[in-house]
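> for reference, the sequence and a predicted model appear below.
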Amino acid sequence: MTAERTADLARIQSDAAIAAFVADHYDRLLRLARLVCRDASDAADAVQIGLELAWRRRSTLREDARLRPWLDRIVTREAVRISKGRGSLLSRLFTPRPDVKWIEPTDRHASEPPNYVALRAAYGHLSAEQRAVVALHLHFGYSVAETATIVGAPEETVRSRLRSARQLLRHELEESRP
Amino acid sequence: MTAQLPEEQVDGAIRRFLVWQADDIAHAPTAADMAARIQRSAGVRSVAARLAHLTDWQDVFPNRSIVLIALVALTVVALVGSMVVGTLLNEKRPAIVPPPPSQVSTTPGPSASPPPSSTPVVTARPSPSTVITGTAATAIGQLSWTRSTGDSTSIPAGGIFETPDGFAAFEGEGGCCHYDRLWTSADGLEWELGPLPVAAAGAVGHRLAGGEHWIWSYDEFRVWRSGDFATWTEIDISALRPPAISGVEWEVWPDSLATVGLTTLLPWRYSGRLALAQLLGIPLEPGQVLSLEQRQDGEPAVVGDVRDVVRYRRATRRADEGPRVTVGSIRVTVEGSMVTITDLGRGVVVATIDSDVVGLPAAYLADHINWYGSFPDVRGGAVISNGNAGPLSYPLAPVTGESDRAALEFSHLSAIDGRFVALTDEPPAQRVWTTTDGLDWESLGSPILPQGTEAEAYLDVLDRPGGGPGMPLIAVAEINETETVQRQELWSSVDGVTWLHVGEGRRYGRHMLNISHSPTGGYLGIAENYQLNVSPDGTAWTIVEGVSGPGSIVDLHGGSVGVSVTHKAAFIHEVPNRGDRVIWMLRIEPAGR
């Protein structure tokens, strides 16, 4: 086998491994990032950066089965970083206000349950850090201790973020009741 | 005024919304597209290879000699251009003289302080492995620092406080606040690891208030106090513990702790969790836990569903927590006030929980157990006076329904001006409460915020060195500037009600991960790039070059960076999930002394 063919074979194997790696984790990570970021585009960026980092550092993991919380941690932190970075003057000028988007008559939002309008607005007003702990704890089922590890904050901080986020969401739910 | 929704309705609505929101990814790339992106990025290393990947240059320039000539010409033009530009810049560039520490810029953005005034001295020592010392002139005084590197047998993970004999720090595998061993040090440099100072089963927590040390155990809730960190006295709180329920383990954790005179308030929350290992007869190795797995289809679990039980290793100080192995399944059902747990593997009921005993609505309790395997938080608390503990009376009217619980949450409790001051979250604003005995509470209304500040601000009150009696409260206010931007400000209060901007009230030049008092006045801050920043007034921050920084050992694998402040010294601790720990001991000589 020539050196070229060996290189090609290695590349094909590598590409296949990347494809399998992405296929295994993409859907979950995209949903996680979507709950932290303000739109699917930012979420995809966060997942891409997270998966690239993870792929390069995968050799440092001793057991593949321990990959999930590690990936969740990388993508969550990247999603928080991207969300906060959207606050620059330029990005604000060029990013439409998130609460404008949901009055567009798109199919998805046309079928949106009525109280989701208020909830989505309230959820959008949470900080990226608050959205991260809400997503990890309330949606993905991580315990408070696990959530604290993933976001890199003390448990008390996680509890505080959860509490304030729930209060705000509860308030909006109550206000939006007919 | 809208009536409050029951907790279970709020939780259900939020969960359904999160499922819906997470599904809003229609315009995101497909997994195949994402894999292609990553293959392009991760699979190609060299610049030439990247260029070759983007464009087939052979098609554009079939004659290689033309390409070579063009490249040489471009290189010559670039070199000549850079020389011309460099000459111009050199002529016009003003001399840069670092300002002396006393001339700190008042602009909010960070500026570099002078470099360390003495060359760092490296000393090899058996424990910790390496020690580097240095000094730096800073805006808050002359800083002497010692950087020690070592492993988990020679360097504590953080949370350092002072004792009559020097310094101490607790540490545990359970992450923040769950400790199982104690570090002690006479000088803050050489540390010795030992057992807990009290006979607790399981992890403990620790807090310093009113000049006394307090320790509590989480699993079998017990409380000890000590004035000298040598002699410990247990407080009898047996009458305040949650009810015993077969198949349920309780965990209790204090929200905060404060002391005024002889009275200490200790509000806590407790939560029951299913003792799954016991109920299902599943053996666990040390460090392994059982939990309910989320549904693979992402849908929220409904009471009555089959709930898989997974076993995995939890190590909260490390990033890796797998593998998750399904070892059984349960079903949660509710009838009347009774919540029933069935082991589906054996087909037998393994636990029956009376929601009336727990004090929660049955449907809410069942839904929570079905989702998390645990109960919702229940509030408790103690007022400890003259060594005796009684139930803590909460500020609002007696709880009449589940929906009142949320409004009763303390988000902060402090001792200030000879009384207790508590903050509760009551959207859209927080509310301030005060008491002198922990029993009769008075509402002082919403906090009076600095002029021009939006109401949507969340306060993180800084720990005061040694519990800090007599010091004003200093809080980091996180303010929602826009929908996407939060800014930080420092606020000060002498009564917990009226808050003023510290200094001129300017926003920070950068977001700080961690802000604390300095031992001798002023503030220390760890910025997002992990560099140490100091500020004499809370508004103008300067970077202390050479202390911590972007070369931090805290990396993507997780870990933490923190600051501990005592009256004698401050400590920055960098604790990665793997590899060596680093601890910086900072002694500050105030300017002008």
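That came in fine, so what should we check first? Numbering: from 1, shown residues only, chains lettered A, B, ... in the order given.

> so where is the stretch 451-593 of chain B shaky, pLDDT-wise?
B:452-460, B:464-470, B:478-487, B:504-511, B:513, B:528, B:550-560, B:577-578, B:591-593 (pLDDT under 70).

> next, count neighbours for residue B:437.
15 (other Cβ atoms under 10 Å in any protein chain shown). The way it works is simple: take the backbone N, C-alpha and C, and place the C-beta from them, glycine included.

> what helix or strand is it located in?
Using DSSP states H and E, residue B:437 sits within no helix or strand.

> in space, what's closest to it - neighbours in sequence excluded?
Closest residue to residue B:437 apart from its sequence neighbours, by Cβ to Cβ, 6 or more residues apart in numbering or on different chains: residue B:263 at 6.2 Å.

> repeat for residue A:137
Nearest to residue A:137 is residue A:147, by Cβ to Cβ, 6+ apart, at 4.9 Å.

> show me which positions of the one helix or strand that neighbour maps to end up buried.
Residue A:147 is part of helix A:144-151 when elements are defined by DSSP H and E. Within helix A:144-151, the residues that count as buried by 16 or more other Cβ atoms under 10 Å in any protein chain shown are A:144-151.

> past that helix, which element shows up next along the chain?
helix A:155-175.

> which other helices and strands contact that next one?
helix A:114-125, helix A:128-134, helix A:144-151, helix B:7-22, strand B:410-416, strand B:419-426, strand B:457-461 (3 or more Cβ pairs under 8 Å, 6 or more residues apart in numbering or on different chains; DSSP states H and E).

> let's go with 10 Å and repeat that
helix A:114-125, helix A:128-134, helix A:144-151, helix B:7-22, strand B:248-254, strand B:410-416, strand B:419-426, strand B:457-461 (3 or more Cβ pairs under 10 Å, 6 or more residues apart in numbering or on different chains; DSSP states H and E).

> okay, residue B:160: pLDDT?
Predicted confidence (pLDDT) for residue B:160: 91.

> now do the same contact list for the residue nearest to it when sequence neighbours are not counted.
Nearest residue to residue B:160, sequence neighbours excluded (Cβ to Cβ, 6+ apart): residue B:564, at 3.9 Å. Residue B:564 makes contacts with B:156, B:158-162, B:167, B:169, B:188, B:463, B:465, B:516, B:570-573, B:583, B:585, as judged by Cβ atoms under 10 Å, 6 or more residues apart in numbering or on different chains.

> if we can go back for a sec, show me the contacts for the residue nearest to residue A:137.
By Cβ under 10 Å, 6+ apart, the contact list for residue A:147 reads A:72, A:76, A:132-138, A:140-141, A:153, A:155, A:158-159, A:161-162.

> and it, how far is that from residue B:358?
Look at residue A:147 and residue B:358: by Cβ to Cβ, to the nearest Å, they are 24 Å apart.

> try residue B:23
Taken as Cβ to Cβ, the span from residue B:23 to residue B:358 is 34 Å.

> which of these two has more residues huddled nearby?
residue B:358 (21 against 12).

> hmm, the more buried one is touching residue B:377, no?
No - with contact defined as Cβ atoms under 10 Å, residue B:358 does not reach residue B:377; the gap is 11.5 Å.

> list the residues that contact both of those two?
residue B:272.

> per-residue confidence at residue A:177?
On the pLDDT scale, residue A:177 gets 65.
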